[in-house]
Each structure stands twice: as C-alpha cells, then as structure tokens.
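*Asks:* Provide a 3D model corresponding to the input given below.
(chains A and B)
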There are 2 protein chains.
Amino acid sequence: MKGNCIVAQSGGPTAVINASACGVIQEAMRHPAIEGIYGAHNGILGILNERIFDIRKEDPAIVEGLRTTPSAALGSCRYKVKSEADYGKILTVFKKYNIRYFFYIGGNDSQDTADKVNRLALKEGYGIRVIGVPKTIDNDLAYTDHCPGYGSVVKYLATMTLEAGRDTEALYTADTVNVIEAMGRNAGWIAAGTALAKRDEFDAPHIILLPEVPFDPEAFKARLRHFLSKIGYAVVVVSEGTRRADGSYISEQKGEFAKDSFGHTQLGGAANFIKDLIEREVKVKSRFAIPSTMQRNGIHLASLTDSREAYGVGKRAVECAADGVSGKMVALKRLSDSPYRCDYDLVDLSLVANGEKAFPREWISPDGFFVTEAFLRYARPLIQGEVAPVIEDGIPRFSRFKRYFVTV
Amino acid sequence: MKGNCIVAQSGGPTAVINASACGVIQEAMRHPAIEGIYGAHNGILGILNERIFDIRKEDPAIVEGLRTTPSAALGSCRYKVKSEADYGKILTVFKKYNIRYFFYIGGNDSQDTADKVNRLALKEGYGIRVIGVPKTIDNDLAYTDHCPGYGSVVKYLATMTLEAGRDTEALYTADTVNVIEAMGRNAGWIAAGTALAKRDEFDAPHIILLPEVPFDPEAFKARLRHFLSKIGYAVVVVSEGTRRADGSYISEQKGEFAKDSFGHTQLGGAANFIKDLIEREVKVKSRFAIPSTMQRNGIHLASLTDSREAYGVGKRAVECAADGVSGKMVALKRLSDSPYRCDYDLVDLSLVANGEKAFPREWISPDGFFVTEAFLRYARPLIQGEVAPVIEDGIPRFSRFKRYFVTV
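*Replies:* Okay, here's the model as predicted:
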C-alpha cells in the first residue's frame, strides 16, 4: 500500500527508545511503498496538533546517531487519548497527510491508543497499517519475554548500586546504610534487576524491597540488623511502588501535581521514608539516593543486547507492516537462556493494551527481601555488552532532529 | 630511612582515590628502604585501633585493579582526631609497627591530621616521613590547581545531567522542570562542572545554583520563566550547600544524625526544596534527582586524566618521601590549559590544612545562574578520556583487598 508513514514515541523515555525509532526509520527507507517518513512531535500530541516533521529531510547521520542517543528524540508525551473526538481527529489527520503506516513506540497506554486507532480506521474503511513497538523500562508489558529499555535501565542501575555500595562499604563507620530508590511503578522488575550487581556477600544490594511484597517494618528491620551484625553495613534498594499491607504506598507525592493525566499517582520519596525509618528505629546513620530519570537515560552504560533488540523491534514493525500486518505489536520471544537466543513475535494490540506482567512470585526469595537464581538467569542475558556513544571533549554527543515541519 | 610504610584513605570516597593508593603501593614496592607496606583499615581509625593489614601479601592483580575500582578500598572514616591522647596513640602505634613512612590520602581534615602527626614526631624525635596525597571531589583544597577526584565527579555528573536533560526535553509537556542535586558542600565546584555538558541552548543544565550566590527566589523564578517561555522546559542543578541571603541552607537535614563527627551539618534536600518551590509558585510540574554518593563513585565513566593524576600524586608522594621530604602534600600545578599540561608540586601540610579554595566569583556569570567560559577552560581538560573498568557478564568487576591483618 503506497503512502506515508508516521512514527511516534510515548510515555517515559528509555536509553534505547531512539534505537527503535532508528530501526523504524532506516527500515522504512528500504520500502518503496513508503513515501513520506514523518515524525510526530511529542507522541500522539504531535498528531492531534499536526506537529509533524519530515524525517527524510534530516541528515542520515542524525538518524544513525539515534542508536546512541537516550530519551525520545521525536518528543514524547503523557497525554491520554480518551474522547471519541480525539480518535476522530487522529484519523482525520492521518487522512489529511495520507498516513498509511503508523508505528507507535510505547507501553500499555500507547498500545491501547494504537489499537483503538486501528479499529476506528477499519470501521471507517480507511486503509492503514498500525504496528506497536514495545518500550518500557518497567518491563511490565504482557505477551513479550521482556521490553526493550529494561536491560539498559537494569544494567545501569545495578552498576550504580554496586558503585555506591563500595562507598557504604568504605564509610560504614559514618554512613552505615544507603537506600536507593528504583523506578518501576507497581512492578518490581527494575529493583529486582539490581541483584545482578551482587557477586558476593559484601556487594550491594543486600535488601531489595519490591512492590509485590507488602512492606513489613519489623521483618525489614530484622533483616537489616542481620547485615549490620554480619558485615557492618547494608545497601537497600527500594521500589518507588513499595506498599504497606493495606495497599497504601509507603510514600506518595502530595500536592497539585500528585496525579498525572492518566490519573496515576506520582511516586517518589520511598527512599527518604526508608532512610528515616532506619535512623529512627535502627539508630544508624543512613543516606539515600534518588537517581530518578537518570537511571532510564544512561546510554553511556546501556546494554548492547537491549539496544540491538530495540532497533530490531522497530525494524521488524516496518517489515510486518510492509507485509500487510496491522493491529499487532512486535514482541520478543525467548528461545533459550544460554546461549541467549530471542526471536520476534506478533501479538494483538488489544491483548497487550489490557495486560500487565507482574513480577513472578516464584522469583522472590522466601523471606521476601531478595530474588532467586531463576530471575537472575532470566535477566542476565539482557544486560550483556555496552553501547558506546561518541564522546567528544569528555562528554557524550547525542543526535537531535532539526524538525522540518510539514503542512498539507 | 629503612622501615615500614602505611597508607590510609579518609573522608568521602571518590572514583579515583584507589588509583592514588595504587600509585603509593606500586611505587613503594620499587624502594628497597621501604620494607613492610601496610594499609590502615578505615583511615586513622585503622591506626588508632591497630587494624593494619599487609599489602605485600595481596595478589598484585588486586593492587593493579585498584586503578579501576571506585571508593576507598582500604576503608575510610570520618573520625576527627582531636585529643592529645589520639595523637599520642598514633605515634605509639607507628613506633610499635616501625612505621617510617605515612601516606595519608584525603582532604583538609586529613592533611591537618597528617600535619599534626608530623609535628609530634619531630618533637619527640621519631624519624618518620609524612606526605599528604590530595583527594576530594569538592575541589576545595588550597594550593593545588585542582584535586584528584574532581575531574571524575564532574565528568559523570555532567553526563548524567545531559542525559536526564534529554528526558525533560522529550517530556516537557508532562515533566517540565528537572532539579538535580549536586554535592560539593559549601563550594560550587561540582555543580558548576555540570556546565561542561552544555553545547547549545537546548542542552542541560540551564540554571546552576551555587552556594557562592545567595539564593534569591524571585530572580530564580524569573530566570526559570525565561527558559520556559524560550524552550519550554529547564534543568536546574542545585548545589547541596545553596544558602539564602541570611546564610541559612535552603534545606538541611534534621534529626539525630544531622551533624557528622566534625560538626558539619549534613546537607540534602535542596533539590526537593527547589522542586516544591517551582510547583507551588511557577505552577509547572517538576521532578528531582539526588544522585548522592553515586556521583562520586562512577568509575564506569571516570576521567582518565583524573585517574592518571590520582595515580601520579600517590606515586610522587612515595618518591618525595624516599628523597627525605616530610610534612608536605603533593599538589598539582597547571602549566597550560591547551595543550593541557600539569606538573607536581609540594606544599606545606599546615597551609593546606587551614586553607579552603572557594569557587572564584569571576567565574560566575553576572546573573549568578551560570558559569563563564574561563571556568570551562579550567575544567574541560580535567574530564578528558575514560577509565575502562573490566566488565564481566555485563557488570563492572572491582578489586577488594583480602586484608591480612598484622600483629606485632
């Protein structure tokens, strides 16, 4: 089907979401049926507001540089498409710009949007191929072995945890405990992944607090005291989404901006809460760290495996669309752990949109404060190899689109 | 002078303080007059408590691995030597273990301790050579062009700021401002160094809050609004030691552990304070990040220039001691910026102990919210090149001493 394609990125950026965009763009250039290659500025907002730019006009070196550029070079958004009017507008814009291929790189919400656009187009008889490209550091998408973005956040956060753990190990007579806050919302995937750093009893992390395990202050203090008496210090990784037995978050943001436009509660402050608890009740000095968005943009220590898969799912999305597929997301299907082998798969957008992959109970150690070897076997292949961004004058240099906006 | 040497590390760790220890140890091995090579476990505490281990028994690969191991492998401390009794005890231990060479790697407080030990030994007629080795991420030691540790913290924090800045640039419609808290206590050196990341108007950081500039909320909000109207988002780097015009910190830690054993106020929370201010008064959603000790242990992106100089000051300390020097600290003397050339120097311990190098006023831009080109010319050579730690199975592998403790 001849026509233009548009690619958009949505939700929280990752270190490798641009590798997916690069995969889409470079593959699209190989298909003569795909005429214009457009980027939506800031996800679905760029479509709604007709902020659409012509990627064919960009320097190919800028496109190639996306492989080593963190965050979302097309621009992202957290806009929740809800109304019929919004969906109608999207389709109107697609018709206006003769968009026949729509590649949406994002998480659950984006796959949901893509699904609904696809259904509306079908209903109205507008020929378009809609393919979802998975992206989320949270690794909570259903029907895929893992999500591009996860390997990189875990490789980097595990390394930061290991490095900061050496600080605590050296200074334990002054700073006895360090508490590190991991992202991941309601799933413990990211916090769990920091266990990859630990090779022996001295290495961090020592305790991992997962949202899947209701926070029990007494059990936590007992476990902490175990490490304090055994090695004299401890590093605690706490998921931002850690909850009490009653379901309430141990710490939530308050105030005007406490909920985002999806109605999700903004999390943050779990580390500070745990630090205060330790100082007050265990009576040892603690520090805390909140790497926040740094953890998800660490291209300077991103996983090469992850980056290649991120590129691959983008490329495969275009191949499938060119073959006539629509209404699907490209997923990753693991064939084996060792040697690690992974293939592509296709899954209905509607299934992904409504699914959520919880961290498996059986991968949590019996005491609830660590993960099992089975999890490590799952996660370890995802962090292999290193992306090497260009470093110029001591600092990485990234790509940025010029954004030549088009009008019709 | 024949006898044993001891090396100790003190204060906050850095990414390259182990490179200095490596320089001391490997150079000491070349001098036949130096018999035992000992490490003090946890700085001066290791001497006071006779926790002394034999480095000659360690695998040379562990010693060599120190070059790419962050934090203080000997162990560090924040113990303030104050009493006559403590100094007497140190000298007694030195006599007992026939310590004739003492290399103390640390900041002001450590150089002060080294100075007093040296004077007491002179007074008592005990032959010992005491040499200080500079270390501090804060870069606030006097009489040295810069401190080993500074180049690496700045290279890494600038990169993290640049990367997280891309997140804000992509998601500004949801997360409009990001506030990043930099270490550095009362000096703005580290926060200022993040300016090295900025190559154009879109790159972070946009505003840098320095302890040297009294925080003026109205001027800050005006500057922030300038960026919001110009590019739609902003990244603010705030020094943990930022103060109001009345001298009070914009945020200090409270509670039982609010002061360390030196009586220094524990800082932390400046980023949260600025974030709250922005949301409340500028009415845009903000995030904050507190990389805390992660920033000073980032060996995976440490500066090779810094690492080599850290090794060099350690090595030079031993060479000087072997030549009969005592009571001095090895300093760095810059010969030129471009090409960057730096030589070693010696400075009296007492001068360093009582000096503090403030961030120069003339390197702060007139509006107080950024730094000048002259500062960037000073700092840029210090971040060149990258240390490459061994990465095994996706995660860096570090050295750790076995610590064969000696008894006399």
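*Asks:* In contact with A:Pro214, which residues?
*Replies:* Taking CB atoms under 8 Å, 6 or more residues apart in numbering or on different chains, we find A:Pro214 in contact with A:Arg243, A:Arg244, A:Ala245. To be clear about C-beta, it is placed using only N, CA and C from the backbone, and glycine gets the same treatment.
*Asks:* Give the bridge partners for the first one, please.
*Replies:* Read it as A:Arg243. Beta bridges link A:Arg243 to A:Tyr249, judged by DSSP bridges.
*Asks:* wait, what's in contact with it?
*Replies:* With CB under 8 Å, 6+ apart, A:Arg243 has these contacts: A:Pro211, A:Pro214, A:Phe215, A:Tyr249, A:Ile250.
*Asks:* Could I have the buried ones of those as ChimeraX selection syntax?
*Replies:* Selecting the buried subset of the contacts of A:Arg243 in ChimeraX, with 16 or more other CB atoms under 10 Å in any protein chain shown as the burial test, is done by:
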select /A:211,215,249,250
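*Asks:* Determine which two of the contacts of A:Arg243 are furthest apart.
*Replies:* A:Pro214 and A:Tyr249 (11.5 Å; CB to CB).
*Asks:* Could you report the distance from the spatially most central residue of chain A to A:Asp367?
*Replies:* Nearest to the mean C-alpha position of chain A, counting by CA atoms, centre = their mean, stands A:Ile137 at 2.0 Å. For A:Ile137, the distance to A:Asp367 (CB to CB, to the nearest Å) stands at 26 Å.
*Asks:* and whichever helix in chain A runs longest, what other elements does it pack with?
*Replies:* When chain A is parsed with DSSP state H, its longest helix is helix A:150-170. The contact analysis (3 or more CB pairs under 8 Å, 6 or more residues apart in numbering or on different chains; DSSP states H and E) places helix A:150-170 against strand A:177-182, helix A:189-193, strand A:234-239, helix A:304-322, strand B:395-396.
*Asks:* let's go with 6 Å and repeat that
*Replies:* When contacts are defined as 3 or more CB pairs under 6 Å, 6 or more residues apart in numbering or on different chains; DSSP states H and E, helix A:150-170 packs onto strand A:177-182, helix A:189-193, helix A:304-322.
*Asks:* what is the mean pLDDT for it?
*Replies:* Averaged across helix A:150-170, pLDDT comes to 98.
*Asks:* Hey, what's the angle from that helix to helix A:304-322? Just curious.
*Replies:* 160 degrees (axes from the mean of the first three to the mean of the last three CA atoms, to 10 degrees).
*Asks:* what's in contact with helix A:150-170?
*Replies:* Applying CB atoms under 6 Å, 6 or more residues apart in numbering or on different chains, the contact partners of helix A:150-170 are A:15-16, A:137, A:139, A:178, A:180, A:190, A:193-194, A:196-197, A:204-205, A:233, A:235, A:295-296, A:298, A:301-303, A:305-306, A:382-383, B:13, B:70-72, B:75-76, B:293-294, B:297, B:300, B:394-396.
*Asks:* picking that back up, and chain B, which of the helices and strands packed on helix A:150-170 is closest to it?
*Replies:* Comparison of the helices and strands packed on helix A:150-170 against chain B by CB to the nearest CB identifies strand A:177-182 as nearest, at 6.6 Å.
*Asks:* Give me the buried positions along stretch A:296-314.
*Replies:* Quick answer for stretch A:296-314 (16+ other CB under 10 Å): A:296-314.
*Asks:* Ends of it, what's the gap?
*Replies:* 19 Å (CA to CA, to the nearest Å).
*Asks:* again, but for stretch A:374-386
*Replies:* Stretch A:374-386: ends 24 Å apart by CA to CA.
*Asks:* Contacts for that stretch next, please.
*Replies:* So stretch A:374-386 is in contact with A:146, A:151, A:154-155, A:193, A:196, A:303-305, A:337, A:340, A:363, B:394, going by CB under 6 Å, 6+ apart.
*Asks:* Work out the gap between that stretch and the centre of the chain.
*Replies:* 16 Å (CA atoms, centre = their mean, to the nearest Å).
*Asks:* Equivalent analysis for stretch A:379-395, please.
*Replies:* 17 Å.
*Asks:* before we move on, what about stretch A:315-328?
*Replies:* Distance, centroid of stretch A:315-328 to centroid of chain: 22 Å (CA atoms, centre = their mean).
*Asks:* Run through the helices of the stretch 251-400 of chain A in chain order.
*Replies:* A:270-277, A:304-322, A:349-354, A:373-379 (DSSP state H, counting those that start in this stretch).
*Asks:* sorry, that was for the stretch 1-150 of chain A
*Replies:* A:17-28, A:43-48, A:60-65, A:84-96, A:108-124, A:150-170.
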